[in-house]
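Enquirer: below are the sequence and a predicted model; questions follow.
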Amino acid sequence: MNLVELHNVRKYFSSQKAVDDISFNIKAGSIFGLLGPNGAGKTTLIRMITGIFYPDSGNVLFNGKEFDALTHHRNIGYMPEERGLYKKMKIGEQALYLAQLKGMSKQDALKNIKEWFVKFEMETWWNKKVEDLSKGMSQKLQFVTTVLHQPSLIILDEPFSGLDPVNANLIKEEIFNLAKNGATIIFSTHRMEQVEEICDQIVLVNQGKKILDGSVDAVKQDFKENIFKIGLQSTQKAIQTDLFEIVQQLPEALLIKLKHHVSTNEVLQHFISNDFSIQSFQEVLPSLNDIFIKLVEDSSSARQFQNIN
Amino acid sequence: MNKISLIIQREYFTRVRKKMFLITTLVVPIVMIAFYVLILFLSKSDSSEKQRIAIIDDANLFNGKITSSNKNLTFQFIHNETEQSFLKKFNAAGFQSFLFIPHSIDATTNKNFVLHSEKAVNLSIMDDIESLINDAIRSRVLIANGINPVEFEKNSTNAQLDNVIDTEKGAQKSFTEIAYLISFVCGFLIYIMMMSYGTQVMRGVSEEKTNRIAEVIVSSVKPFELMVGKIIGIGAVGITQFLIWIVLLFLLQAAIPMIYPDVTNQINNAALDNKEGVMALNSILQGVSALPMLKIVSFFLFYFVGGYLLYASIFAAIGSVVSEDHQEAQQLVMPVLMPIIVGFVIMSKAVDNPNSTEAVIGSIFPFTSPIVMMGRITADVPLWQTILSMSLLMATIIIFTWFTAKVYRTGILMYGKKVSWKEILKWAFKKN
């Protein structure tokens, strides 16, 4: 069951094809990574999913229905990359106001705010103003205001930036919790190690186009380069073979790239027959970071301005 | 609708609860009243000053007899002295000043009178002495022509002219000063509302933009709802402030006589001293009741709300376009302020001449009409002009709100780019 479906979505600005014919689906209850370099069109995509922008063509389905801002606003929580809160407003009132704007009743909102404030140890903040908070503290507040109204779709743009490891972990735990309780999470970032840790499914966009789509494991499988790490007692002995190339030589291990149609057993056979003492053997999958860089580096790093007619 | 009311409430209460709002709302009327009291006291202390004035009357203009209605002035005729010789003595002799009337008075110009003094003489004393001299000269001329000045005074008439405006609805007295005052106050309130609360809308919008909260809010409500909520909320703050001012001014005016009974006496004395004062007071009341108050109030409310809505939406669009750079905002605001200022100037002229060409055009052109029309409300505005002006204003509000809403929704999410008027217009006309 897909919570969000994008079909051939396009959004052109006067000098940019910000989003150029992108389609993908997001499964309900999954943690979805929306990746891409700066200016790839991530924010524009998100703004179309949240109904801030309308696509020029194509459509966005929410829960199988054409996206309709009025009914679907209630179900979406969005934390933009550029954080924003009213600086002069009291924190409690601010959280209440934002929850009410999402359509919550005052009592429900107050109840939820209290729960979250207790969970994040923010009870004493109620009458403080945002300008009194540190960057990390206001980040926590921003997260709370995003998820207060129990949205079924939570969109987080770089949620960990500016957080110390303890608070980052706290939020990460909550993201897992929310997903476990059925919320779908779109996670937009260019920090790949977080994506590997958190996301079930990823889409990589670059220059307004989708260049990658799949589960983290599948993507890694797709991009593996037949590289294996073999642990040996000593790597001093010379090796001569057509079966593989040595990518890297470590004191007690070798990184080798297998040639086409060579099976792992043949390789092991080779080492055994040459009297090597093997201690370990495993496949090395590329990190998302490597894949990301590999895919993106071919294109020029900066988007070029173009005329759109 | 529910969301708009939430936004209105937030915009309203965060502003009304601010300390600055309280201070300006309370301090302004108090300062105004304090000024008023101060001026009253100053005028009192000025006139109570006693003046002894010496006169060297070489022309024997006064025949050795002089009486002034001002009880603080006493005169004494000096004989056997010249202007030059007495100049060094008058102060020592206890006179604040001395008046020199030369032997030959030029009958056509009457300009050769000099009041010598140590310190500058109060203007009202100068006026008093001038009129004494004029009376004396007139008497002398009358006598020379065989007319008894006392008889002349008895038979001189004092005609009073009332301007009566005749319309189909019947004759009406014209009360120019009252009409002027009402027009001016109404126009001024609209001017303040547009200028100060319009720019508050602008600042509020650009604050939301630079705080980056706009994106969070527009993921919950439509940008248009946010804009409308802000405009209405801030407008309500303005109306609240005006109402508080009116009530406070009223209360303070009533309270001052209790705190300073002197002041009321002062006013009463002034009124009694001067018959015109009493008449002025009567004619104020008469004037107010003679004016078509219902029409004035409904016109005022229409143009007050209309003018604010029109300019607030323009200011909202500007606020959405600019970022932190205030200079940038200034550039964009200038062309918007121009019609407001021009309107104010036309209004103050329209009060005197409500049917002049510029008054008529100004009261129809929607960007100046809210203010200029206030200059004409006490006069009779032809029906076709009223209808044209009102419908043009409403149409402009609708069209402009539609355009500015488009600029606004693009602008609030656009960062870091300096935007020109050309680009803004492009956003406004862009299809969505």
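Expert: Sure, I can see it.
Enquirer: isn't A:Glu123 right up against A:Phe117?
Expert: Yes - taking contacts as CB atoms under 8 Å, A:Glu123 lies within contact range of A:Phe117: 5.1 Å. C-beta: built from backbone N, CA, C; applies to glycine.
Enquirer: of these two, who's got more company?
Expert: Using other CB atoms under 10 Å in any protein chain shown, the more surrounded residue of A:Glu123 and A:Phe117 is A:Phe117, with 20 against 10.
Enquirer: touching chain B at all, the strand or helix carrying that one?
Expert: Secondary structure assignment for A:Phe117, by DSSP states H and E: helix A:106-119. No - Helix A:106-119 does not reach chain B (CB under 8 Å from any CB of the partner chain); its nearest approach is 10.3 Å.
Enquirer: what segments of the stretch 101-250 of chain B are helices?
Expert: For the stretch 101-250 of chain B, helices defined by DSSP state H, counting those that start in this stretch occupy the ranges B:123-144, B:149-155, B:176-192, B:198-210, B:214-218, B:223-259.
Enquirer: I misspoke; the intended subject was the stretch 151-300 of chain A.
Expert: Using DSSP H, counting those that start in this stretch, helices in the stretch 151-300 of chain A cover A:165-180, A:192-198, A:216-222, A:264-273, A:288-297.
Enquirer: out of those helices, nearest to B:Ile178?
Expert: helix A:165-180 (67.8 Å; CB to CB).
Enquirer: list of residues touching the closest one?
Expert: With contacts defined as CB atoms under 8 Å, 6 or more residues apart in numbering or on different chains, helix A:165-180 is touched by A:29-31, A:119-120, A:136, A:139-140, A:143, A:147, A:154, A:156, A:159-160, A:163, A:185, A:187, A:197-198.
Enquirer: tilt between it and helix A:106-119?
Expert: If you take axes from the mean of the first three to the mean of the last three CA atoms, to 10 degrees, helix A:165-180 sits at 130 degrees to helix A:106-119.
Enquirer: and helix A:165-180, average pLDDT?
Expert: For helix A:165-180, mean pLDDT is 89.
Enquirer: mind listing what's buried along that helix?
Expert: Neighbour counts over helix A:165-180 (16 or more other CB atoms under 10 Å in any protein chain shown) mark A:Asn167, A:Ala168, A:Leu170, A:Ile171, A:Lys172, A:Glu174, A:Ile175, A:Leu178, A:Ala179 as buried.
Enquirer: ok, stretch B:385-392 next?
Expert: For stretch B:385-392, by 16+ other CB under 10 Å, it's B:Gln385, B:Thr386, B:Ser389, B:Met390.
Enquirer: in which helix or strand does A:Gly136 reside?
Expert: helix A:135-147.
Enquirer: what's the angle from that helix to helix A:106-119?
Expert: Put simply, helix A:135-147 runs at 140 degrees to helix A:106-119, going by the same axes, to 10 degrees.
Enquirer: put the alpha carbons of helix A:135-147 into CSV.
Expert: This file holds the C-alpha atoms of helix A:135-147, laid out as CSV (Å, rounded to 0.1, in the frame of the first residue of the first chain):
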residue,chain,number,x,y,z
LYS,A,135,20.0,26.2,18.3
GLY,A,136,19.7,22.6,19.5
MET,A,137,16.8,23.3,21.8
SER,A,138,14.8,25.1,19.1
GLN,A,139,15.5,22.2,16.8
LYS,A,140,13.9,19.9,19.4
LEU,A,141,10.9,22.2,19.6
GLN,A,142,10.7,22.3,15.9
PHE,A,143,10.6,18.5,15.8
VAL,A,144,7.9,18.4,18.4
THR,A,145,5.7,20.9,16.5
THR,A,146,6.2,18.8,13.4
VAL,A,147,4.8,15.6,14.9
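Enquirer: need the buried residues of helix A:165-180 in JSON lines with distance to A:Gly41, can you?
Expert: Shown next, in JSON lines, are those (distance: CB to CB, whole Å):
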{"residue": "A:Asn167", "distance to A:Gly41": "29"}
{"residue": "A:Ala168", "distance to A:Gly41": "26"}
{"residue": "A:Leu170", "distance to A:Gly41": "31"}
{"residue": "A:Ile171", "distance to A:Gly41": "25"}
{"residue": "A:Lys172", "distance to A:Gly41": "26"}
{"residue": "A:Glu174", "distance to A:Gly41": "28"}
{"residue": "A:Ile175", "distance to A:Gly41": "24"}
{"residue": "A:Leu178", "distance to A:Gly41": "26"}
{"residue": "A:Ala179", "distance to A:Gly41": "25"}
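Enquirer: for these, which one is nearest A:Gly103?
Expert: A:Leu178 (19.0 Å).
Enquirer: what separation is there between that closest one and B:Thr67?
Expert: For A:Leu178, the distance to B:Thr67 equals 98 Å [CB to CB, to the nearest Å].
Enquirer: now do A:Thr44
Expert: Here the criterion is CB to CB. By it, A:Thr44 lies 91 Å from B:Thr67.
Enquirer: please parse chain A into its domains.
Expert: Recorded structural domains for chain A (assignment: automatic domain parsing) are A:2-221, A:225-284.
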